[in-house]
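# What follows is a predicted structure for the sequence shown.
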Amino acid sequence: MADTDAAFDDFLPEALRFRSPAPLVDIGANLTHDSFARDLEAVVQRSRAANVTTFIVTGTDHAHAEQAVELAQRYPGLHATAGVHPHDASDWDTSLAAAMRELHQRPEVVAVGECGLDFNRNFSTPAEQERAFEAQLGLAAESGKPLFLHERDAGPRMREMLRVWRDDIADAVVHCFTADRATLYGYLDMDLHIGLTGWICDERRGHHLRELVKEIPLARLMVETDCPYLLPRDLPARLKGRRNEPALLPWIVREIAHWRDTDEAELARATSNTAHRFFRLNEAREAQETGRDQQES
């Protein structure tokens, strides 16, 4: 315990120990990343101290989705997604589809994804990405769970595919939105939600988002770190290494509130309420508790 307490005390300098004025939900935390293996307990403690009380742990392939479920079982306030990221779409086959279908029945899993299209890097071919995404749209319709979406440089095709399924899927959030106004309105017109990250804190590439945030309806906005990625570049103190973590989400909320000309506490409450409703977190928590009670009996 002493080592954990030391990490909890020492990792974040005093200037970076922000506390949100209202409890926050981090809808995109990659806590299964190797960089968290050594001090995950301290990461969770720091988040609690920052009033980040709930995380959606992202499952980007079968192994990481299983790990996300294990974390959700271990830590109160953690939930999981289960999907196949477009980078790994070439792995999609019938056995992987069956594994995902089974995961989506778990009470710890509150969304299908991370899935979608990424035509920027094309680690899997566009055809492979579309095949895996189409299949996961079907799984979302089947399970009734919302979609946790990834899109980069693929807005028009993403919207085409979503439009076909829109009446059959419960809901969807475009996580880590970084695109332009036309793409934003294309998603809003389909009644999708938008997830914002520390990209808005980046003076090199976040300027357009600072103008767009006012145009996102508050009831459709959620916040996330996408940790360990996208460490905010405008933090008031240096951080050892470049690892982002949920305890820094209040800084991102503060920045979004500034550019929206909105009260920080109001924004925190609104995004958390939206996240609880979108992911049906109260229902998920009750289902997890019921499952634990049944196992113990």
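All right, it came through fine.
# Check which helix or strand Leu149 maps to.
strand 147-152 (DSSP states H and E).
# With adjacent residues omitted, what lies nearest to Ala29?
Closest residue in space to Ala29, ignoring its immediate chain neighbours: Phe55 at 4.4 Å, by CB to CB, 6 or more residues apart in numbering. Placement of C-beta: from N, CA and C, glycine included.
# I'd like to know how many residues surround the one you found.
For Phe55, the neighbour count with other CB atoms under 10 Å is 29.
# Assign the closest residue in space to Glu224 that isn't next to it in sequence to helix, strand or coil.
Computed as CB to CB, 6+ apart, the closest residue to Glu224 that is not its neighbour in sequence is Gly28, at 3.5 Å. Following DSSP: H, G, I helix; E, B strand; the rest coil, Gly28 is assigned to strand.
# ok, Leu147 to Ala219 distance?
Separation of Leu147 from Ala219 (CB to CB, to the nearest Å): 18 Å.
# Just want to know which of the two has more residues nearby.
Comparing Leu147 with Ala219 by other CB under 10 Å, the one with more neighbours is Leu147, at 29 against 12.
# wait, doesn't that one sit right on Ala172?
Yes - counting by CB atoms under 8 Å, Leu147 touches Ala172, with 3.9 Å between them.
# Overlap of the contact sets of these two?
Ala140 (CB atoms under 8 Å, 6 or more residues apart in numbering).
# is it true that Leu12 lies in a strand?
No - Leu12: not assigned to a strand; according to three-state DSSP it is coil.
# Now for it: which residues touch it?
Contacts of Leu12 (CB under 8 Å, 6+ apart): Arg46, Leu239, Ala247.
# What is the burial count for the residue nearest to Glu224?
Neighbour number of Gly28 under other CB under 10 Å is 27.
# State the distance from it to Thr60.
11 Å.
# Can you name every helix or strand that the helix or strand encompassing Ala63 contacts?
For Ala63, the host element (DSSP H and E) is helix 62-74. For helix 62-74, the elements it packs on are strand 52-57, strand 78-82, helix 94-103, judged by 3 or more CB pairs under 8 Å, 6 or more residues apart in numbering; DSSP states H and E.
# The first one - which strands sit beside it in the sheet, and in what orientation?
Think strand 52-57. strand 24-29 (parallel), strand 78-82 (parallel) (DSSP bridges).
# re the thing from before, can you tell me which of the contacts of Leu12 are in helices?
In this view, the contacts of Leu12 that belong to helices under DSSP state H are Arg46.
# Give me the mean pLDDT for the longest helix along the chain.
Ranked by residue count and defined by DSSP H, the top helix of the chain is helix 126-143. What helix 126-143 shows for mean pLDDT is 98.
# May I have it as PDB, with CA atoms only?
This file holds the C-alpha atoms of helix 126-143, laid out as PDB (Å, rounded to 0.1, in the frame of the first residue of the first chain):
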ATOM      1  CA  PRO A 126     -11.200   0.500 -46.300                       C
ATOM      2  CA  ALA A 127     -13.100  -2.600 -47.500                       C
ATOM      3  CA  GLU A 128     -12.000  -4.500 -44.400                       C
ATOM      4  CA  GLN A 129     -13.000  -1.600 -42.200                       C
ATOM      5  CA  GLU A 130     -16.500  -1.300 -43.800                       C
ATOM      6  CA  ARG A 131     -17.100  -5.100 -43.500                       C
ATOM      7  CA  ALA A 132     -16.200  -5.100 -39.700                       C
ATOM      8  CA  PHE A 133     -18.200  -1.900 -39.100                       C
ATOM      9  CA  GLU A 134     -21.300  -3.100 -40.900                       C
ATOM     10  CA  ALA A 135     -21.200  -6.300 -38.800                       C
ATOM     11  CA  GLN A 136     -20.900  -4.300 -35.600                       C
ATOM     12  CA  LEU A 137     -23.700  -2.100 -36.600                       C
ATOM     13  CA  GLY A 138     -25.700  -5.300 -36.800                       C
ATOM     14  CA  LEU A 139     -24.500  -6.300 -33.300                       C
ATOM     15  CA  ALA A 140     -25.500  -3.000 -31.900                       C
ATOM     16  CA  ALA A 141     -29.000  -3.300 -33.300                       C
ATOM     17  CA  GLU A 142     -29.200  -6.900 -32.000                       C
ATOM     18  CA  SER A 143     -28.000  -6.000 -28.500                       C
END
